[in-house]
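A.B. asks: can't give you the sequence, but here's the structure:
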């Protein structure tokens, strides 16, 4: 199957005499193969008006882009998704092109592994390479997120997410135990732990208890 799509999104500000503040126009071609995998190639034309100064890299003490300026930029898009029905599946997304007054390369991938009906493993990786002209900062931004989900029974579930971000200098752990003791009623025990990556010092830590109960009146 082949599909062609033009998808515009536009924003106007009523408080500024309906000034055009942002728009994205995506044009793409998608092919779905007989094995249920998909391939998509497209182009995106974008416009962003900055009402406030802004640093796209989030760099500490970085020189932000000036406000009250509109930026036009284009990028090429690529996506491939494997057959999600299989035990091992993956998805890859990438874009390359202009970004504000510089350039950006982005890569996003997701891999999943299922051992039905008990265990589900996933790994998400995001990478952004942002290059801006001097004196504005450039950066390589990484986000890595492995996750495990285990079903012990029809009423007890456990999941743990680990997330690493070099932009925020953070390594985080989120572990949740869920007991479904009645229909639409759950008890959750959630453990959160965050560390500064460079020094591996604890940032914050918490244990939370949450109860939801469905009142069938």
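C.D. replies: It's in. Everything numeric here is computed off the predicted structure, so don't read it as measured data. Numbers count the residues shown, from 1 in each chain.
A.B. asks: I'd like the distance between residue 99 and residue 72.
C.D. replies: For residue 99, the distance to residue 72 equals 11 Å [Cβ to Cβ, to the nearest Å]. (Each C-beta comes from the backbone N, C-alpha and C, glycine too.)
A.B. asks: Show me which of those two is the more surrounded one.
C.D. replies: Counted by other Cβ atoms under 10 Å, residue 99 and residue 72 do not tie: residue 99 has more neighbours, with 23 against 11.
A.B. asks: Name the nearest residue to that one, sequence neighbours excluded.
C.D. replies: Distances taken as Cβ to Cβ, 6 or more residues apart in numbering put residue 73 closest to residue 99, at 5.7 Å, once the chain neighbours are dropped.
A.B. asks: show me the contacts for the one you found.
C.D. replies: Residue 73 makes contact with 46, 97, 98, 99, 100, according to Cβ atoms under 8 Å, 6 or more residues apart in numbering.
A.B. asks: So how do I select the buried members of these in PyMOL?
C.D. replies: A single PyMOL command selects the buried members of the contacts of residue 73 (16 or more other Cβ atoms under 10 Å):
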select buried, resi 46+97+99+100
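A.B. asks: would you turn the contacts of residue 73 into CSV with secondary structure?
C.D. replies: Formatted as CSV, the contacts of residue 73 follow (DSSP: H, G, I helix; E, B strand; the rest coil):
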residue, secondary structure
46, strand
97, strand
98, strand
99, strand
100, coil
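A.B. asks: Contacts made by the helix or strand harbouring residue 106 with the rest, please.
C.D. replies: Taking DSSP states H and E as the criterion, residue 106 maps to strand 102-115. Contacting residues not belonging to strand 102-115 are listed as 75, 84, 87-98, 120-133, 136, 138 [Cβ under 8 Å, 6+ apart].
A.B. asks: Whichever of those end up buried, select them in ChimeraX.
C.D. replies: What follows is the ChimeraX syntax selecting those of the contacts of strand 102-115 that are buried according to 16+ other Cβ under 10 Å:
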select :75,89,90,91,93,94,95,97,120,122,123,124,126,128,130,132,136,138
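A.B. asks: In strands, which of the contacts of strand 102-115 fall?
C.D. replies: Here DSSP state E is the test, and these give 75, 88-98, 120-131 as lying in strands.
A.B. asks: sorry, back to before: looking at the contacts of residue 73, which is nearest residue 29?
C.D. replies: residue 97 (17.2 Å; Cβ to Cβ).
A.B. asks: Any figure for the gap between that closest one and residue 77?
C.D. replies: Distance from residue 97 to residue 77, counting by Cβ to Cβ: 9 Å.
A.B. asks: overlap in contacts of the two?
C.D. replies: Counting by Cβ under 8 Å, 6+ apart, the residues touching both residue 97 and residue 77 are residue 44.
A.B. asks: about what we covered before: helix or strand for the residue nearest to residue 99, which one?
C.D. replies: Going by DSSP H and E, residue 73 is part of strand 69-81.
A.B. asks: For that strand, which strands pair with it and how are they oriented?
C.D. replies: The strands that strand 69-81 pairs with in its sheet are strand 38-50 (antiparallel), strand 88-99 (antiparallel) (by DSSP bridges).
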